[in-house]
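Visitor: below is the sequence, then the predicted model.
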Amino acid sequence: MKKIITLIVDDNDHKSRIDSFISKKGNLLSRTRVKNLILKKKLKLNNKTIIDPSYKVSSGQKINLEIPQPKKASLKPYNFKLNVLYEDNDLLVLNKPAGIVMHPGAGNHDKTIVNALMNYCGNTLSTIGDELRPGIVHRIDKDTSGLIVIAKNNNAHEHLSNQFSKHTITRIYQLLIWGKLRPKNGKISTLITRSSKNRQLMEVGVTKGKIAVTNYKTLEIFENDKVPTLSFVECRLETGRTHQIRVHMSHKGNNILGDKKYKKKFKKFKNISSKLENSILKLDRQFLHAKTLGFIHPVTNKNLEFSSILPHDLEKILKILRNTVK
């Protein structure tokens, strides 16, 4: 059955954004979910439909938000071995390999993490999102490996979504980039918006976009007469925008090794180690790995943190680099 949330704006919330107000008052509804419901014309303000999530409310106004009954997903199970690091009645944490997308979409309807989850745990996943994304609280790109958390019920999903919205989730990535970052350690804070030239890409915005903040530190720099300059970097996200690290590194002029979208063409370097050159040319993904994921458990309130080592294909390149610059 659908559910209706009814709220009255009091004086303390006068001039608040309507999506923020409902999220604050609406019993664990995340702001992202509220925004999506507003855009789907599920909100009435004094019996008038409102479709602007940024609308400023006034004291005394009556808000009715309809939460539709979740649609049942008709997804084909995919027999794919999931690397489960943690599981309980509310959530599970996966170590995703590169090469598999998170959920069904154009061109791939049944060989995704969601399809694998349907095979692994059936219908015991949250249902508050898109019917093709049961359990999916956040995403990492197809060619990025590493840690993701999956919600097994709606309560867990809302709690986790709120933590992502408030940017309290710990997310640390490791990556290998071309060149050296200047300064070696620092913070990148920009707007990120969809590219005007290619709708599949994102870019740093000048006047429009969402704020994106990436803290980075250089762990190792590799360079000598047989090695083009490369840097092994760790990034801690304050926000989680689409392609955030890839866009920020590209913006700095230090594209991620192997990135096919935000790419720097691999050129022939004189005297490069043949072993290193072959390992770079054979890399069929970006050198980007979600190493650490930390959050508050939605039921126990315990702080959970998980870590994942670099996959073999990435570790192999680092090993070659370390041996070559000795």
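Guide: That came through fine.
Visitor: CA only for contacts and neighbour counts going forward, please
Guide: Will do.
Visitor: ok, Glu238 to Asn224 distance?
Guide: Here Glu238 is placed at a distance of 34 Å from Asn224 (Cα to Cα, to the nearest Å).
Visitor: who has more neighbours, those two?
Guide: The neighbour comparison of Glu238 against Asn224 (other Cα atoms under 10 Å) goes to Glu238, with 21 against 11.
Visitor: just so I have it, where are all the strands in the stretch 51-200 of the chain?
Guide: 62-67, 84-87, 91-96, 145-151, 170-178, 185-194 (DSSP state E, counting those that start in this stretch).
Visitor: helices and strands around the last one, which ones?
Guide: Meaning strand 185-194. strand 202-205, strand 210-224 (3 or more Cα pairs under 8 Å, 6 or more residues apart in numbering; DSSP states H and E).
Visitor: please name every helix or strand in contact with the first one.
Guide: The reference is to strand 202-205. For strand 202-205, the helices and strands in contact under the criterion 3+ Cα pairs under 8 Å, 6+ apart are strand 185-194, helix 244-252.
Visitor: hmm, 7 Å instead?
Guide: strand 185-194 (3 or more Cα pairs under 7 Å, 6 or more residues apart in numbering; DSSP states H and E).
Visitor: name whatever forms a beta bridge with Val149.
Guide: Beta bridges link Val149 to Val93, judged by DSSP bridges.
Visitor: would you indicate which residues of the helix or strand of the chain with the lowest mean pLDDT are buried?
Guide: Taking mean pLDDT, DSSP states H and E as the measure, the helices and strands of the chain show their lowest mean at helix 31-39, namely a mean of 84. Of the residues in helix 31-39, 31-35, 37-38 count as buried by neighbour count, 16 or more other Cα atoms under 10 Å.
Visitor: where's the residue located most distally from the centre of the chain relative to Glu277, distance?
Guide: Of all residues in the chain, Asn271 sits farthest from the chain's C-alpha centroid, using Cα atoms, centre = their mean; the distance is 38.7 Å. From Asn271 across to Glu277, the span is 10 Å (Cα to Cα).
Visitor: need the overlap of contacts for the two.
Guide: Common contacts of Asn271 and Glu277, defined by Cα atoms under 7 Å, 6 or more residues apart in numbering, are absent altogether.
Visitor: and the helices in the stretch 1-150 of the chain, which stretches?
Guide: Using DSSP state H, counting those that start in this stretch, the helices assigned to the stretch 1-150 of the chain run over residues 18-25, 31-39, 113-121.
Visitor: quick one: which of these is nearest Ile256?
Guide: Proximity to Ile256 (Cα to Cα) singles out helix 113-121 among the helices of the stretch 1-150 of the chain, at 24.1 Å.
Visitor: which parts of the closest one are buried?
Guide: Buried residues in helix 113-121, counting neighbours by 16+ other Cα under 10 Å, are found at 113-120.
Visitor: where in the stretch 51-200 of the chain is pLDDT low?
Guide: Counting by pLDDT under 70, the stretch 51-200 of the chain shows low-confidence ranges at 70-74.
Visitor: for the spatially most central residue of the chain, which non-adjacent residue is spatially closest?
Guide: Residue closest to the mean C-alpha point of the chain, counted by Cα atoms, centre = their mean, is Arg139 at 4.2 Å. With Cα to Cα, 6 or more residues apart in numbering as the measure, Met102 is the residue that lies nearest to Arg139, at 6.5 Å, once sequence neighbours are left out.
Visitor: what's the distance between the one you found and Ser16?
Guide: Using Cα to Cα, which is the criterion applied here, Met102 is 35 Å from Ser16.
Visitor: and these two? Which one has more around it.
Guide: Neighbour count, other Cα under 10 Å: between Met102 and Ser16, Met102 has more, with 21 against 17.
Visitor: coming back round to it: and the least confident helix or strand of the chain, what does it pack onto?
Guide: If you count contacts as 3+ Cα pairs under 7 Å, 6+ apart, helix 31-39 packs onto helix 18-25.
Visitor: name the residues that touch the helix it packs on?
Guide: If you take Cα under 7 Å, 6+ apart as the criterion, helix 18-25 is touched by 29-31, 34-35, 53-57.
Visitor: again, only using 10 Å
Guide: By Cα atoms under 10 Å, 6 or more residues apart in numbering, the residues outside helix 18-25 that reach it are 5-9, 13-16, 26, 28-38, 43, 45, 50, 52-58, 63-65, 162.
Visitor: perfect, that will be all.
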